[in-house]
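no sequence on hand, only this structure:
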């Protein structure tokens, strides 16, 4: 069995019919449950549940404090390459986009690592475009060897790997994987991925599980909100996380709820996801999966990010650039997308403390707090 079997179970599910059949008593019944099933989660994603956000927020805050305390893990992404062979309509790295492409040398990676580590961060996420030709696994391995000198925790957000390749990078020093399905609806997935290896829906869908089989410590998944109706994608993301958490209990599972941001190229086929909808999604996730990690990125503006801290967020990015060599290079590449929260690591640290929370600069297995 794979998660695809669960996807097929709900592929033709009549969401609107389900939502129309809900009553206020149904929402209250779910809110009073200690353990929720799949349809309880969907109930909390419904339009009607949107009228109960305050009740959801109170319970989400209680569960977050119970299971995570007041710790917020800080990390930053490091873009080491942006070469890509895919034609994804929604992404600035699309092979057809006329952008400045760049790939860092090991010396340049070390320069970036030194700069970032001086900010106090001990958790790094390295990213590339999806080109196994330009950034082969051997390049990733060499980069990891450099980064191990500066960071306690190294995560990757690159093209999907085979199980053996995941074992190779894990054995080198990687302990975290971030990989987004982008959109779970197979029809839309095929529509927005015009060409390239990423067009293989199943190979990408099963990538998190291959990493789990390779004994990776943490996996972060999610859908790019805006490619489909958000409730459907939120539901499938939650089911995917729940599947992984139940099957691989030794792996820390997290979800990111990124929304589409402006980027090089034109993509107008976007489903609106407003702030209230994003908050509802995050609250429903926390109530459905109390042990789930929830990551909020700098795609969101600072006011929203600050106010989400007590509602279930466990990880936040800080001091972010989406350009290759963006921390130290003067001849930077073009960015993957525009960020909204441009605050420094110090500024993010201060706002977390002002909320009564602790900014954690190391990973969960090494609880030192700066």
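The structure has been received and is ready for your questions. Since the model is a prediction, treat every value here as computed from it, not as a measurement.

residue 136: how many residues sit nearby?
Other residues near residue 136 number 12, with proximity taken as other C-beta atoms under 10 Å. Glycine gets a C-beta too; all of them are placed from N, C-alpha and C.

for this structure, longest strand please?
Of all segments of type strand in the chain, defined using DSSP state E, the longest is strand 71-79.

who does that strand touch, helix- and strand-wise?
Applying 3 or more C-beta pairs under 8 Å, 6 or more residues apart in numbering; DSSP states H and E, one finds that strand 71-79 contacts helix 106-117, strand 123-127, strand 153-157, strand 315-317, helix 345-354, strand 358-360.

try it again with 6 Å
Applying 3 or more C-beta pairs under 6 Å, 6 or more residues apart in numbering; DSSP states H and E, one finds that strand 71-79 makes contact with strand 123-127, strand 315-317, strand 358-360.

quick one: the helices in the stretch 51-200 of the chain, in order.
With DSSP state H, counting those that start in this stretch as the criterion, the stretch 51-200 of the chain has helices at 53-68, 106-117, 137-147, 163-172, 186-192.

turn those helices into CSV, including mean pLDDT, distance to residue 356 and mean neighbour count.
Formatted as CSV, the entries for those read as follows, by pLDDT from 0 to 100; distance: least, C-beta to C-beta, whole Å; neighbours: other C-beta atoms under 10 Å:
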stretch, mean pLDDT, distance to residue 356, mean neighbour count
helix 53-68, 96, 11, 16
helix 106-117, 96, 27, 17
helix 137-147, 98, 32, 19
helix 163-172, 98, 36, 18
helix 186-192, 96, 41, 15
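
let's have the ones you listed in TSV, adding distance to residue 123.
Conversion of these to TSV gives the following (distance: least, C-beta to C-beta, whole Å):
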stretch	distance to residue 123
helix 53-68	16
helix 106-117	10
helix 137-147	11
helix 163-172	16
helix 186-192	30
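
how close does residue 151 get to residue 173?
Residue 151 sits 9 Å away from residue 173, going by C-beta to C-beta, to the nearest Å.

pick out whichever of those two has more residues nearby.
Set side by side, residue 151 and residue 173 show unequal neighbour counts under other C-beta under 10 Å, the larger going to residue 151 at 23 against 15.

out of the helices and strands packed on strand 71-79, which gets nearest to residue 21?
Comparing the helices and strands packed on strand 71-79 against residue 21 with C-beta to C-beta, the closest turns out to be strand 315-317 (35.7 Å).
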